[in-house]
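Undergrad: Curious how this folds, go ahead:
(2 chains)
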Amino acid sequence: MYGIAAVFFIPFWRMFQLSIAPQDIVASGEFFWIPSDVTFEYWQRYLFQDLTIYRWAFNTLLIASIATLFVLVVDSMIAFSIARLSWPGQGIILGIILGSFMIPAYVNFIPLYTLINDLGLFNTYWAIIFPVAAGPLGVFLLVQFFQDIPTELEEAARLDGFSSFRIYSRIILPLSTPILAALGIFTFVTSWNQFLWPLIVLNNDQLYTLPIGVVTLRSVNALAPNVIMTSLALASMPLFIVFLLFQDKLISSIQMQAGTG
Amino acid sequence: MKGLYMSLFDWNFLSPAQSTFIGLGNYARLLQDPTYWNALWNTLEFVGLSVPLIVGLSLILALGLNKNLKGGRILQFVYFSPYVLTVSVVALIWVQLFADGGLGTTLVGSFISGTPLNSRFWAMPTIIITTVWWQTGFYFAVLLAARQSIPERLYEAARLDGAGPWRMFRDITLPNMRSGILFVVIASTVFQFQVFGQPYIMTNGGPAGSTETLVLYLYQLGFETRELGFGSAVGYTLLGILILVSVLNYYLIGGTNE
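TA: Modelled structure (predicted):
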């Protein structure tokens, strides 16, 4: 077990040690575990001089945060209306949502692309946020959770004259904080990490997200792996911090998906 | 649904009204397209090799970690951590590991000339190793939860009956983890079929098309040469394959007990 962990760790180590290795050591093309000389030149360069990475990180953060907020608000409202209210056609709507769960995202990319183009959203953040926000996963998880909340609570509240919206906001949401937090973290991480879709709808390097941005840095620095590795280490930093803070939430959101799926 | 509709046309991106209806023409063209068959074959190779590796490894890790090892939380952190990275970071790290002077190249250097990513034979295995490193943590987390939900008293009872480790694994662990394993197999198969970022960044389908996958082909058709109708057709064949594979998996693994 420890051996496998060590093997799993090697790529991280390689990334870090290359990022602090001076150019002449890297250029020699020899393999090393620990560079014989150490420089923080590249870290300084991306942290203090070349600020593109900050720009991309900010874009990604903005997109991921708005998308997460959208998912939490919209999905919980949809789930509430399906699980706790009754209206005609409910079953059909739930069926459509569950059905779209089975269809992988890329099958929709081409039609989605023409749609985004028709709406004139090409090269905007909305082009990335909307598809994420419409994901069925959250609705699916929340419907299941809401259905398990005892109806007595709701009936008591109705007797006290609570409206549906107050039941939703004062009773159901506070009871659901754990699952909302897990769903939120998961949405944040997946939307932060999106690659193919932003690659399709963004073609202005000021708007790039971090995942696409670091790929473009490669072509500029083709012969300087240490520079590339520094940018990668920086690019993976924000998510590592999120992961360190919310490890349990993230893992439990994955386990919830498996439990229901 | 619009994609299905588009797949029946020679779709004109700039003025959709001028698209011509060609019925199943795109599908007929697909049957005769060597690039499509090559991409399908590569995708099958990728899925066929990466899924067993990912499922096997994540099962080993989940069972191993269940035994209250010292530093279990740190181990869990290490196994899971690659999953939080974005595909571009993962792919670029591994490009470096398999470049000149990288560890991977140093290890296999005596078997091949050049770097693995420039070799028609080694490029795909390289991408598979990268994927296993990146994805295993996710499935490991699922299987660990499945293992931990098995009540310990089942094992205690078996131990009283004198069952060995292998019997306990076969008669208690496996049957009780069936639904977890089923999820992992189906989810990883569906996900790996959609492989895009790794070949796009690491090899761009090369050398000589040996790592061209279906979604990569779809991307090139849809967003580089703008053959949207034909690209949609490629997408829908893949959807068909996925549904078929999921149903098959379900009956093979889940069906026997229910």
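
Undergrad: Run through the residues that contact residue A:1.
TA: By Cβ atoms under 8 Å, 6 or more residues apart in numbering or on different chains, the contact list for residue A:1 reads B:61, B:64, B:65, B:69, B:75. Every C-beta, even on glycine, is put in place using the N, C-alpha and C of the backbone.

Undergrad: now with 6 Å?
TA: By Cβ atoms under 6 Å, 6 or more residues apart in numbering or on different chains, the residues touching residue A:1 are B:64, B:69.

Undergrad: Kindly confirm my reading that residue A:206 forms part of a helix.
TA: No - going by DSSP: H, G, I helix; E, B strand; the rest coil, the assignment for residue A:206 is coil, not a helix.

Undergrad: how close does it sit to chain B?
TA: Residue A:206 is 18 Å from chain B, where distance means Cβ to the nearest Cβ, to the nearest Å.

Undergrad: wait, does stretch A:190-197 contact chain B?
TA: Yes - on the criterion Cβ under 6 Å from any Cβ of the partner chain, stretch A:190-197 is in touch with chain B at A:193, A:195, A:196.

Undergrad: Give the burial count for residue 157, as a bare number.
TA: In the absence of a named chain, this looks at chain A. 17 (other Cβ atoms under 10 Å in any protein chain shown).

Undergrad: nope, chain B
TA: Residue B:157, neighbours per other Cβ under 10 Å, totals 12.

Undergrad: does residue B:68 count as helix, strand or coil?
TA: Following three-state DSSP, residue B:68 is assigned to coil.

Undergrad: any idea which helix or strand carries the residue nearest in space to the middle of chain B?
TA: For chain B, the residue sitting closest to the mean C-alpha position, by Cα atoms, centre = their mean, is residue B:192 at 2.1 Å. Element membership for residue B:192, per DSSP states H and E: helix B:178-193.

Undergrad: What angle do helix B:178-193 and the top helix by length along chain B make with each other?
TA: In chain B, with assignment by DSSP state H, the single longest helix is helix B:34-65. Going by axes from the mean of the first three to the mean of the last three Cα atoms, to 10 degrees, helix B:34-65 is angled at 140 degrees with respect to helix B:178-193.

Undergrad: and helix B:34-65, average pLDDT?
TA: Taken as a whole, helix B:34-65 has an average pLDDT of 91.

Undergrad: if we can go back for a sec, what separation do you get for the residue nearest to the centre of chain B and chain A?
TA: Per Cβ to the nearest Cβ, residue B:192 is found 11 Å from chain A.

Undergrad: Could you report the neighbour count for the residue nearest to that residue when sequence neighbours are not counted?
TA: In this structure, residue B:192 finds its nearest non-sequential neighbour in residue B:47, 4.8 Å apart by Cβ to Cβ, 6 or more residues apart in numbering or on different chains. When neighbours are defined as other Cβ under 10 Å, residue B:47 has 22 of them.

Undergrad: my read: residue B:47 touches residue B:194, true?
TA: No - counting by Cβ atoms under 6 Å, residue B:47 sits too far from residue B:194 to count as a contact (9.8 Å).

Undergrad: Flag every residue of the stretch 151-261 of chain A that's near chain B.
TA: So the stretch 151-261 of chain A meets chain B at A:193, A:195-196, A:200, A:211, A:214-215, A:225, A:232, A:235-236, A:239, A:243, A:251, A:254-255, A:258, A:261 (Cβ under 6 Å from any Cβ).

Undergrad: In ChimeraX, select just the buried ones from the residues you listed.
TA: The buried subset of those, as determined by 16 or more other Cβ atoms under 10 Å in any protein chain shown, is captured in ChimeraX by this line:
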select /A:193,195,196,200,211,214,215,225,232,235,236,239,243,251,254,255,258
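
Undergrad: In helices, which of the residues of the stretch 151-261 of chain A next to chain B appear?
TA: A:193, A:196, A:200, A:211, A:214-215, A:225, A:232, A:235-236, A:239, A:243, A:251, A:254-255, A:258.

Undergrad: low-scoring stretches of chain B, by residue?
TA: Counting by pLDDT under 70, chain B contains low-confidence ranges at B:1-23, B:25, B:100-114, B:253-258.

Undergrad: For it, which segments count as helices?
TA: B:2-6, B:25-31, B:34-65, B:72-80, B:87-97, B:103-108, B:123-148, B:152-160, B:165-168, B:174-176, B:178-193, B:197-202, B:214-219, B:228-249.

Undergrad: Tell me which other helices or strands the longest one touches.
TA: The one in question is helix B:34-65. The elements that helix B:34-65 packs onto, with contact taken as 3 or more Cβ pairs under 6 Å, 6 or more residues apart in numbering or on different chains; DSSP states H and E, are helix B:72-80, helix B:123-148, helix B:178-193, helix B:214-219.

Undergrad: The same query, at a cut-off of 8 Å, please.
TA: Here helix B:34-65 touches helix A:2-19, helix B:72-80, helix B:123-148, helix B:178-193, helix B:214-219, going by 3 or more Cβ pairs under 8 Å, 6 or more residues apart in numbering or on different chains; DSSP states H and E.

Undergrad: Equivalent analysis for the fifth one, please.
TA: Helix B:87-97 makes packing contacts with helix A:2-19, helix A:210-220, helix A:225-260, helix B:103-108, helix B:123-148, helix B:197-202 when contacts are defined by 3+ Cβ pairs under 8 Å, 6+ apart.

Undergrad: Is the first one positioned near chain B?
TA: Spelled out, it's helix A:2-19. Yes - on the criterion Cβ under 8 Å from any Cβ of the partner chain, helix A:2-19 is in touch with chain B at A:2, A:4, A:5, A:8, A:9, A:10, A:11, A:12, A:14, A:15, A:18.

Undergrad: Tell me how many other residues surround the closest residue in space to residue A:175 that isn't next to it in sequence.
TA: Distance criterion Cβ to Cβ, 6+ apart; nearest residue to residue A:175, sequence neighbours excluded, is residue A:149 at 5.8 Å. By the other Cβ under 10 Å criterion, the neighbourhood of residue A:149 contains 15 residues.

Undergrad: sec struct for residue A:149, please.
TA: The three-state label given to residue A:149 by three-state DSSP is coil.

Undergrad: Hmm, it is touching residue A:168, no?
TA: No - counting by Cβ atoms under 8 Å, residue A:149 stays clear of residue A:168, with 11.3 Å between them.

Undergrad: In JSON lines: the helices and strands packed on helix B:34-65, plus distance to residue A:92.
TA: What follows is the helices and strands packed on helix B:34-65, written out as JSON lines (distance: least, Cβ to Cβ, whole Å):
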{"stretch": "helix A:2-19", "distance to residue A:92": "46"}
{"stretch": "helix B:72-80", "distance to residue A:92": "38"}
{"stretch": "helix B:123-148", "distance to residue A:92": "31"}
{"stretch": "helix B:178-193", "distance to residue A:92": "25"}
{"stretch": "helix B:214-219", "distance to residue A:92": "30"}
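
Undergrad: Indicate which one of those is closest to residue B:244.
TA: helix B:178-193 (10.8 Å; Cβ to Cβ).

Undergrad: what packs against that closest one?
TA: Applying 3+ Cβ pairs under 8 Å, 6+ apart, one finds that helix B:178-193 makes contact with helix A:225-260, helix B:34-65, helix B:123-148, helix B:228-249.
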